[in-house]
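**Q** Just to be clear, the model below is a prediction. Sequence and coordinates:
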Amino acid sequence: MRSWPLPFQPRFITYTTVVLITLLLLIDEIEFFPSVYAALLLLPFGALAVIGTIDLVQTKHAVLRNYPLTAHIRFILEEIRPEIRQYFLESEKDGTPFSRDKRAIVYQRAKQALDKRPFGTQNDVYASGYEWLHHSIAPKAAVKEAFRVRIGGPDCARPYSASVFNISAMSFGALSPNAIRALNIGARKGNFAHDTGEGGFSAYHRENGGDIIWEIGSGYFSCRNGDGTFCAEKFEANARNDQVKMVELKLSQGAKPGHGGVLPGAKVSPEIAAARGVPVGVDCISPSRHSAFSTPIEMLQFIAKMRELSGGKPAGFKLCVGHPWEFLAICKAMLETGIYPDFIVVDGKEGGTGAAPLEFTDHLGMPLREGLNFVHSALIGIDARDRIKLGASGKIVSAFDIARVMALGADWCNSARGFMFALGCIQSLSCHTDRCPTGVTTQDRSRQRALIVPDKAERVFNFHRSTIESLAELVAAAGLDHPDEFAPAHFSRRVSPNEVKSFADLYPPLEPGALIAGSADKRYAGAWAMASAKEFRALPLAA
Ligand SMILES: Cc1cc2nc3c(=O)[nH]c(=O)nc-3n(C[C@H](O)[C@H](O)[C@H](O)COP(=O)(O)O)c2cc1C
Ligand code: SF4
């Protein structure tokens, strides 16, 4: 088939037209009447002609070589696609990871705006997956209660009375200095806890005196030797700080379990270097595994050491459940050594992160409810549940979310992205680019200034307070006195259009001591047999 010469084919016509106009304007300027108007037109057309020519000869983007100039429209639309979707197309129940509705409730509570909804639920209550809390015929009056939980087992000299709702681990580095400041002031005002995340106990965490849970990960930031190993002296010096209320060992987080991290040297500013205890400008590596221990028994001995070095503060660990036998190996190590952590935080696969590979965020790790139920049951199964408190995190932003996980065994909840919304995060999903539009997750000073600390600290405080007030209303409506009374039997889920199941059937716990006695429960029996206190690796099952 005969085709047009290349410059006149439809996909090149814009470029050809721009080049022709540029040439005509040039000839006009040089040969005929030089005019200001022609010169003014020459500038944009000349620039477009240059861009089009570069498109044509560059070798990186096939689409630009085939569609010089016009392909840029596609790139621009791709760039603003999330905003177009969010502003014009998203319904109240749309939007991921958090729907507009979920974000709105945080914004309203943070700003103390009207947080009620008109006309009735927009949920399809007959759709599979719909869940509800059972209310009482004899509800109680909602009380003004802070709802606190005492964390610290028999080996802990300085237990901590924590709120049931706290700020989940997020490092300085992932968050901006102003975000850390605002979170910590909010935590101080509302008397709840602020977890440092694994990036160290920074100057910004210390400025305002809010309660701190100091988390250490495999990089041992703020407590490491030059070679990246754990330094007991530095840990002791920081952990004994009065502001630190608990010390937490991070094994994994739901959004990227089993994945280490590298903060490129270019991003290791003097401030970050000081917080982490690493050299400025050198790649800062968080290995995927710990160097301070390699077996379940050693891990518990390390936690005991953390408790001792901190002067007897609650010491525990955070994980997203992976291989079931590995968690059961830790349980066996508890029985064998008599060392028990004071708390365990179970993070769900649905949890957030600053940046992670897609395969990890989408497909690694156990979702919160299954993980929490597993850990809760396993601790009951080794008769240790009464001495270890359980925290939970994973998309918890409303009072209903808190009540639901407390029914499944959590003693308290942490929220990361909920508090980010309170700081003004608009879910633009660019945390990994250092171009956060709201100053929450950027180290770029010109962007950080968007986050006004006193204003956002007030919002953090308001969000926490209003959520606890809503929780008090739920507790009262269910006829209870404290959220720790929520039990699986208080919740139901529609599992098909005409079948509903109680959480008590969906998430059955083990009988007390069942694992010690040799449980026949299929969910645990195989994994228990494969678990060894001496190694994380699975033991071969007897034939
Ligand atoms: C920006 C960001 C940074 C985080 N940094 C850490 C961290 O340093 N250590 C950690 O244990 N978890 C970290 N997390 C995970 C959260 O602490 C939390 O476990 C998870 O996001 C689930 O809570 P969410 O659904 O409320 O966000 C981070 C999460 C986010 C969003
Ligand atoms: S506004 Fe966007 S970039 Fe900033 S924290 Fe929120 S999701 Fe991340």
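**A** Thanks, I have it. Ligands and ions are numbered 1, 2, ... in the order given.

**Q** which residues sit in contact with the most centrally placed residue in the chain?
**A** Nearest to the geometric centre of the chain sits Gly352, at 2.7 Å (CA atoms, centre = their mean). Gly352 sits next to Pro97, Ala255, Ala416, Arg417 when contact means CB atoms under 8 Å, 6 or more residues apart in numbering. No exception for glycine: its C-beta is placed from N, CA and C like everyone else's.

**Q** Look up how far Cys425 lies from the last one.
**A** The span separating Arg417 from Cys425 equals 7 Å under the rule CB to CB, to the nearest Å.

**Q** Any regions of this protein where pLDDT drops low?
**A** 1-2, 542-543 (pLDDT under 70).

**Q** For ligand 1, tell me whether stretch 312-325 is touching it.
**A** Yes: using CB under 6 Å from any ligand atom, a contact is recorded between stretch 312-325 and ligand 1, made by Lys318.

**Q** ok now that stretch, how far from the chain's centre?
**A** Relative to the centre of its chain, stretch 312-325 is centred 17 Å away, using CA atoms, centre = their mean, to the nearest Å.

**Q** So which bits of it are buried?
**A** Buried residues in stretch 312-325, counted by 16 or more other CB atoms under 10 Å: Lys313, Pro314, Ala315, Gly316, Phe317, Lys318, Leu319, Cys320, Val321, Gly322, Pro324, Trp325.

**Q** next one: stretch 436-448
**A** For stretch 436-448, using 16+ other CB under 10 Å, the buried residues are Cys436, Thr438, Gly439, Val440, Thr441, Thr442, Gln443, Arg447, Gln448.

**Q** now, which of these sits nearest ligand 1?
**A** Proximity of the buried residues of stretch 436-448 to ligand 1 (CB to the nearest ligand atom) peaks at Thr441, which lies at 5.6 Å.

**Q** Spit out the contact partners of that closest one.
**A** Ala174, Leu175, Ser176, Ala179, Gly354, Met420, Cys425, Cys431 are the contacts of Thr441 under CB under 8 Å, 6+ apart.

**Q** So which of those residues belong to helices?
**A** Counting by DSSP state H, the part of the contacts of Thr441 found in helices is Ala179, Met420.

**Q** Could I get the contacting residues of the nearest residue to Gly186 once chain neighbours are set aside?
**A** Excluding its sequence neighbours, the residue lying closest to Gly186 (CB to CB, 6 or more residues apart in numbering) is Val460, at 2.7 Å. Val460 makes contact with Ala110, Ile167, Ala182, Leu183, Ile185, Gly186, Ala187, Gly190, Phe419, Ala422, Leu423, according to CB under 8 Å, 6+ apart.

**Q** The fifth one in helix, strand or coil?
**A** When you say that, I think you mean Ile185. For Ile185, the assignment made with DSSP: H, G, I helix; E, B strand; the rest coil gives helix.

**Q** for ligand 2, what are the nearby residues on the stretch 301-450 of the chain?
**A** Listed as neighbours of ligand 2 in the stretch 301-450 of the chain under the rule CB under 6 Å from any ligand atom: 420, 425-431, 436-438, 440-441.

**Q** So what touches the host helix or strand of Ala162?
**A** Following DSSP states H and E, one finds Ala162 within strand 160-163. Strand 160-163 is contacted from outside by 146-152, 190-193, 211, 245-246, 313-314, 412, 464, 468, using CB under 8 Å, 6+ apart.

**Q** List only buried entries from these.
**A** Among those, those scoring as buried are 147, 149, 151-152, 190-193, 211, 245-246, 313-314, 412, 464, 468 (criterion: 16+ other CB under 10 Å).

**Q** Which two of these have the greatest separation?
**A** The span of those, defined through CB to CB, is set by Lys313 and Ile468 at 24.1 Å.

**Q** Which part of the stretch 201-350 of the chain gets nearest to ligand 2, residue-wise?
**A** Ala255 (13.1 Å).

**Q** Please confirm that that residue is located within a strand.
**A** No: assigned with three-state DSSP, Ala255 falls outside any strand and is coil.

**Q** Could you count how many residues lie near it?
**A** 25 (other CB atoms under 10 Å).

**Q** you'd agree it is up against Glu359?
**A** No: Ala255 is beyond contact range of Glu359, at 11.5 Å (criterion: CB atoms under 8 Å).

**Q** which bits of the chain sit near ligand 1?
**A** Neighbours of ligand 1 within the chain, by CB under 6 Å from any ligand atom: 168-171, 174, 197-199, 215, 250, 253, 318, 347, 351-354, 393-396, 415-418, 431, 441.

**Q** what do you get if the cut-off is 5 Å, keeping everything else the same?
**A** Residues of the chain lying close to ligand 1 by CB under 5 Å from any ligand atom are 168-171, 174, 197-198, 250, 253, 347, 351-354, 393-395, 415-417.
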